[in-house]
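**Q** sharing a sequence plus its predicted fold:
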Amino acid sequence: MLGDMETVPVSAVRPQRGDELELTIDSLAFGGAGVARADGYVVFVQGAVPGDRVRAVIGKRKRAYAEASVVEIVAPSPDRIAPVADHPGAPWQVLPYERQLEIKQAQVGDALRRIGKLESFTLEPIVPAISPWRYRNKLEYSFGTDAAGQLVCGFHAPGRWDEIVPISDCLLASERANQAREQIVQWCRDQHLSVHDRRTGHGLLRNLVVREGIRTDAIQVRLVTGGGELDRESLIRAGADFNGLLWTRLTSVGETTQGGETELLASDALFQTNTEMAERLYQLAIEYAQPGGFQRVYDLYCGIGTIALLISPRVAEVWGLELVPEAIKDAIANARANEVDNAHFFAGDVRLAMRELVERAGRPDLLIVDPPRAGLSQKVVRRIIEALPKRIVYVSCNPTTLAPNAAQLVEAGYELVRVRPVDMFPQTPHIECVAELVRAQ
């Protein structure tokens, strides 16, 4: 979709920062921005969809492209529909759901062909979401103040770190999860707690994280603050009907909910981490894996062992590798709880641990890999190639990093057989997919 970026005419008039242009949106880029061209010069326009005619102001500007934000929709796209969620967490809600699926399907194929230079594969139809709304089992909210100085909780306005769009009903979360958020926000108001100012480091409230166990109906809430104290007993009473209540204190400047010191205020909950579509994604991965017989399976970036434990009854043995020690502890505990004795889990960096794993366990017949959004480094791909698995199942959350990884494997003698997108995050530009690669005989 963005192949024309390399062919911008040298003579093209490039707009300057602050310029206001009238543009027609041709397509959507990976990440969700609309793509327009001004005399051949590519402009990514946030908040626009294909078919829109917009006035947009140029922000960041580079040699090959610029970024812009919509000032006015001069003529809306025929595809554009009215939004139903009053917050910025669902940027693609202005497109009919069927159109969202069409675009995601096309983007996966485009990434593999344009970035990976791959052609001879089957692109299977995208798996649509079971629930286009209220599907998220975890949401992170930020605290702020409104124009009147009142405490609000919601999402950052697009491109703004200092403005919070307050939420009354987040349509990505269940009614029960929304109620849990409002309970804690009201408690914070009653306590007259201040909002953390990342510029000065003053103030207490930073974030609120709400998790819901879709299969267990469990609710866990984590309040994230800066340094300082709060009334623990009063907070515990406010969250008495939750399954888990945690308090995290952070001293870092950046906008993050990771790290810090976390205190368990009320009994922790056991969560089913799979939403409906995560379960479908893993089912598809196992379908592509074609497990059976006396296979030895590697599960790289195995997390808490979900795929490994699902596939273990159908194979001889599974070896899971994951960098995060806490996840490996959970994987081992999950294996014991489910009386699985042919799954083995180890903490380690895939780049460094693969050769040792091959020496200890033997070469895999089947290798499943579920990397982070950045994909696999070339070194990790080389380690996979050295291990000589007969079949590779690649679970990807970013087709633009799947593409070069798949190309490297194809160059080494594998065939990209098929790829299928899965829509785990409707109303957003995020795309998951599963790819099957088979080693040439």
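**A** Arrived safely.

**Q** could you use CA atoms for every contact and neighbour count after this?
**A** Noted.

**Q** ok, residue 193 touching residue 204?
**A** Yes - using Cα atoms under 8 Å, residue 193 is in contact with residue 204, at 6.7 Å.

**Q** higher neighbour count, these two?
**A** For residue 193 versus residue 204, neighbours defined as other Cα atoms under 10 Å are more numerous around residue 204 (21 against 15).

**Q** residues touching the more buried one, list them.
**A** By Cα atoms under 8 Å, 6 or more residues apart in numbering, the residues touching residue 204 are 193, 194, 195, 196, 225, 226, 227, 228.

**Q** identify the residues contacting the helix or strand harbouring residue 181?
**A** Applying DSSP states H and E as the criterion places residue 181 in helix 175-190. Contact with helix 175-190 is made by 151-153, 168-170, 208, 210-212, 219, 221, 235, 238-239, 242, as judged by Cα under 8 Å, 6+ apart.

**Q** among the residues you listed, name the ones in helices.
**A** Counted as lying in helices by DSSP state H, out of these, are 235, 238.

**Q** one step back: could I get the average pLDDT for the helix holding residue 181?
**A** Averaging pLDDT along helix 175-190 yields 94.

**Q** shift numbering so it begins at 57
**A** Taking 57 as the first residue, the last one we looked at is helix 231-246.

**Q** how about it: buried residues?
**A** Using 16 or more other Cα atoms under 10 Å as the test for burial, helix 231-246 gives 233, 234, 236, 237, 238, 240, 241, 243, 244.

**Q** kindly export it (C-alpha atoms) in CSV.
**A** Taking C-alpha atoms only, helix 231-246 is exported to CSV below (Å, rounded to 0.1, in the frame of the first residue of the first chain):
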residue,chain,number,x,y,z
GLU,A,231,-20.2,-3.2,31.8
ARG,A,232,-18.8,-4.9,34.9
ALA,A,233,-15.3,-3.7,34.2
ASN,A,234,-16.6,-0.2,33.6
GLN,A,235,-18.3,-0.3,36.9
ALA,A,236,-15.1,-1.4,38.6
ARG,A,237,-13.3,1.6,37.1
GLU,A,238,-15.9,4.0,38.3
GLN,A,239,-15.9,2.6,41.8
ILE,A,240,-12.2,3.4,42.2
VAL,A,241,-12.4,6.8,40.5
GLN,A,242,-15.2,7.8,42.8
TRP,A,243,-13.1,6.7,45.8
CYS,A,244,-10.2,8.8,44.5
ARG,A,245,-12.6,11.8,44.3
ASP,A,246,-13.9,11.2,47.7
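
**Q** the helix or strand bottoming out on mean pLDDT in the chain packs against which elements?
**A** Least confident helix or strand, the chain: strand 317-322 with a mean of 82, by mean pLDDT, DSSP states H and E. If you count contacts as 3 or more Cα pairs under 8 Å, 6 or more residues apart in numbering; DSSP states H and E, strand 317-322 packs onto helix 288-294, strand 300-305.

**Q** so after it, what's the next helix or strand?
**A** helix 332-345.

**Q** quick one: the least confident helix or strand of the chain to chain centroid distance?
**A** A distance of 26 Å separates the centroid of the chain from that of strand 317-322, by Cα atoms, centre = their mean, to the nearest Å.

**Q** can you list the buried residues in it?
**A** Those would be 321, 322, for strand 317-322 by 16+ other Cα under 10 Å.

**Q** pairing partners for it, with directions?
**A** Here strand 317-322 is paired, per DSSP bridges, with strand 300-305 (antiparallel).

**Q** residue 456 - that's part of a helix, no?
**A** Yes - counting by DSSP: H, G, I helix; E, B strand; the rest coil, residue 456 falls inside a helix.

**Q** parallel or antiparallel, list what pairs with whichever strand in the chain runs longest.
**A** Counting residues, the longest strand in the chain under DSSP state E turns out to be strand 121-131. If you go by DSSP bridges, strand 121-131 pairs up with strand 97-102 (parallel), strand 109-117 (antiparallel).

**Q** would a markdown table of those strands with mean neighbour count and mean pLDDT be doable?
**A** Listed next are the strands paired with strand 121-131 as a markdown table, based on neighbours: other Cα atoms under 10 Å; pLDDT from 0 to 100:
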| stretch | mean neighbour count | mean pLDDT |
| --- | --- | --- |
| strand 97-102 | 24 | 93 |
| strand 109-117 | 20 | 93 |
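
**Q** of those strands, which approaches residue 189 most closely?
**A** Nearest to residue 189, of all these, is strand 97-102, at 22.1 Å by Cα to Cα.

**Q** now that closest one, how far from the centre of its chain.
**A** Computed by Cα atoms, centre = their mean, the chain-centroid distance of strand 97-102 equals 23 Å.

**Q** same check, this time on stretch 80-87
**A** That offset, for stretch 80-87, works out to 20 Å (Cα atoms, centre = their mean).

**Q** pLDDT averaged over it - what is it?
**A** 93.

**Q** just stretch 474-481 next, same as before
**A** Stretch 474-481 carries an average pLDDT of 96.

**Q** sorry, back to before: quick one, which of the strands paired with strand 121-131 gets closest to residue 194.
**A** It's strand 97-102; of the strands paired with strand 121-131, that one is closest to residue 194 (Cα to Cα) at 24.9 Å.
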